[in-house]
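Enquirer: sequence first, predicted model second:
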Amino acid sequence: MKKTIMLALAVVASASFCTVDAKKKKKVAEEPVVAPVELKSSSDSVSYAAGMSITNGLMAYLKQQHGIDSAQMNIFIKAFEEVIKAGEAPEAKARVAGVEIASQVRGRMLPGISGEFTDTPDSIEADLFYRGFTDALKQDTTVFKQTTAETYFRQKQEADKKAKEEKLYGPNRRAGEEFLKENAKKDSVITTASGLQYKVLVKGEGKVPQLSDKVQVNYEGRLVDGTVFDASAKHGDKPAEFQPNQVIAGWKEALTMMPVGSKWQLYIPYQLAYGERATGNIKPFSMLIFDVELVGIVGDKANEPAKAEVTKTKGTKKAKKGKK
């Protein structure tokens with residue numbers, strides 16, 4: 001009886017080892033045999049070296065851009081070799097293009113569009129986004145025609161953008177509008193046809209700049225809550241220089257009405273400032289307040305009396321010397 005049991009165990013053990021050995025042999029057989037590299041000429045050597053050289057930085061790129069490390073390298077190499085061997089076959093090109101486009105859609109397009117709808121009444125569902133993408137390529141119009149889908153998406157995109165802006169920046173816009181409404185009631189404040197408001201602090205008697213003139217200006221800019229966001233004094237001890245056609249619409253209008261020597265306080269609606277976009281610490285839809293002093297116009301002789309007199313004196317001395 002004992003001998004029978006021992007014999008049975010030996011048979012089972014032998015069968016197990018045979019199975020394991022067979023699996024090992026099968027696994028080894030499945031791995032392709034890579035022929036050793038033979039470099040028989042200078043061209044062979046430079047070709048091989050070139051192939052190795054262009055991989056410099058590839059591992060870091062794959063890890064950073066695609067999340068691929070050495071554990072997945074065999075899969076990457078296999079896919080690379082399959083594409084190379086397929087050559088110019090249309091099927092291979094289609095497969096490669098599908099992988100590339102899928103990577104772009106998943107990695108850039110979907111996150112970008114999803115971001116647009118963050119904090120809006122709608123959101124982007126990835127599975128339906130991909131389904132809409134492939135149905136369009138299949139020309140499946142069961143739900144939408146292509147043109148209908150584009151129109152619907154554009155309308156929702158615009159409506160949700162406005163809803164998002166109102167949610168985030170509505171209070172800021174309303175604060176500016178309320179300020180301008182009350183400010184316009186003051187006798188010292190002048191309101192132009194564009195909606196620009198200004199108050200003359202110092203009346204200048206000099207020349208009024210043209211759009212193409214380069215002006216010299218001291219200024220300080222504030223938000224409706226009094227926060228100073230910029231000033232010429234922050235950029236040095238000299239006035240700022242620029243042309244009126246290079247600045248926001250509110251400044252452009254004011255500078256082409258101010259005589260040199262003037263100092264005005266400007267109240268600029270967001271439409272004449274930076275509009276719906278953020279700039280530095282200026283939020284979208286921000287009404288701006290500026291104290292602006294027009295110091296001079298670059299190249300205008302009327303602003304340089306001292307220099308003109310020095311030139312005249314030098315000319316007189318030269319004339320006398322010539323007479324002698």
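Expert: Perfect, I can see it now. Residues are numbered from 1 along each chain as shown.
Enquirer: how close does the residue nearest in space to the middle of the chain get to Leu168?
Expert: Centroid-nearest residue in the chain, with Cα atoms, centre = their mean: Gly112, separated by 11.3 Å. In this view, Gly112 and Leu168 are 19 Å apart by Cβ to Cβ, to the nearest Å. In short, each C-beta sits where N, CA and C put it, glycine included.
Enquirer: returning to that earlier point: SS state for the residue nearest to the centre of the chain?
Expert: When classified by DSSP: H, G, I helix; E, B strand; the rest coil, Gly112 comes out as helix.
Enquirer: just the helices in this protein please.
Expert: For the chain, applying DSSP state H gives helices covering 2-30, 42-53, 58-66, 73-86, 90-104, 110-116, 126-137, 146-183, 249-255, 305-323.
Enquirer: please state the offset of stretch 138-153 from the chain centre?
Expert: Centroid separation for stretch 138-153 versus its chain: 29 Å, with Cα atoms, centre = their mean, to the nearest Å.
Enquirer: now do the buried residues in it.
Expert: Buried positions in stretch 138-153, judged by neighbour count with 16 or more other Cβ atoms under 10 Å: Phe144.
Enquirer: contacts for it next, please.
Expert: When contacts are defined by Cβ atoms under 8 Å, 6 or more residues apart in numbering, stretch 138-153 is touched by residues 132, 135-136.
Enquirer: I'd say Phe76 and Ile68 touch.
Expert: Yes - look at Phe76 against Ile68 with Cβ atoms under 8 Å: they come within range, at 6.0 Å.
Enquirer: anything in contact with each of these two?
Expert: Common neighbours of Phe76 and Ile68 (criterion: Cβ under 8 Å, 6+ apart): Leu62.
Enquirer: just the buried residues of the contacts of stretch 138-153.
Expert: Looking at the contacts of stretch 138-153 with 16+ other Cβ under 10 Å, the buried ones turn out to be 132, 135.
Enquirer: between the contacts of stretch 138-153, which is closest to Lys199?
Expert: Distance to Lys199, by Cβ to Cβ, is smallest for Gly132 among these, at 55.3 Å.
Enquirer: now do stretch 186-205, average pLDDT.
Expert: What stretch 186-205 shows for mean pLDDT is 97.
Enquirer: in it, which residues are buried?
Expert: Neighbour counts over stretch 186-205 (16+ other Cβ under 10 Å) mark 189, 195-199, 204 as buried.
Enquirer: ditto for stretch 128-135
Expert: Counting neighbours by 16+ other Cβ under 10 Å, stretch 128-135 gives 132, 135 as buried.
Enquirer: just the residues contacting it, thanks.
Expert: Contacts of stretch 128-135 (Cβ under 8 Å, 6+ apart): 105, 110, 113, 142-144, 149.
Enquirer: make TSV out of the residues you listed and add distance to Glu241 and pLDDT.
Expert: TSV is the format used below for the contacts of stretch 128-135 (distance: Cβ to Cβ, whole Å; pLDDT from 0 to 100):
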residue	distance to Glu241	pLDDT
Val105	48	95
Leu110	47	95
Ile113	43	96
Thr142	63	96
Val143	59	96
Phe144	55	95
Ala149	52	97
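Enquirer: closest to Arg222 out of those residues?
Expert: Ile113 (37.1 Å).
Enquirer: residues touching the nearest residue to the closest one once chain neighbours are set aside, list them.
Expert: In this structure, Ile113 finds its nearest non-sequential neighbour in Ile124, 5.7 Å apart by Cβ to Cβ, 6 or more residues apart in numbering. Contacts of Ile124 were listed using Cβ under 8 Å, 6+ apart, and they are 110, 113-114, 117.
Enquirer: next one: Glu82
Expert: Contacts of Glu82 (Cβ under 8 Å, 6+ apart): Ala92.
Enquirer: using CSV, lay out the contacts of Ile124 together with neighbour count and distance to Lys263.
Expert: Listed next are the contacts of Ile124 as CSV, based on neighbours: other Cβ atoms under 10 Å; distance: Cβ to Cβ, whole Å:
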residue, neighbour count, distance to Lys263
Leu110, 16, 53
Ile113, 14, 49
Ser114, 14, 49
Phe117, 16, 47
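Enquirer: and the residues you listed as a markdown table, adding distance to Leu58?
Expert: As requested, these are exported to a markdown table (distance: Cβ to Cβ, whole Å):
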| residue | distance to Leu58 |
| --- | --- |
| Leu110 | 26 |
| Ile113 | 30 |
| Ser114 | 30 |
| Phe117 | 35 |
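Enquirer: what is the most widely separated pair among these?
Expert: Using Cβ to Cβ, the pair of these lying farthest apart is Leu110 and Phe117, separated by 11.1 Å.
Enquirer: give me the below-cutoff pLDDT ranges for this structure.
Expert: Applying pLDDT under 70 to the chain flags residues 1-32, 301-324.
Enquirer: can you do 80?
Expert: Residue ranges of the chain with pLDDT under 80: 1-34, 300-324.
Enquirer: one step back: against Lys252, how distant is the residue nearest to the centre of the chain?
Expert: Applying Cβ to Cβ, the value for Gly112 to Lys252 is 34 Å.
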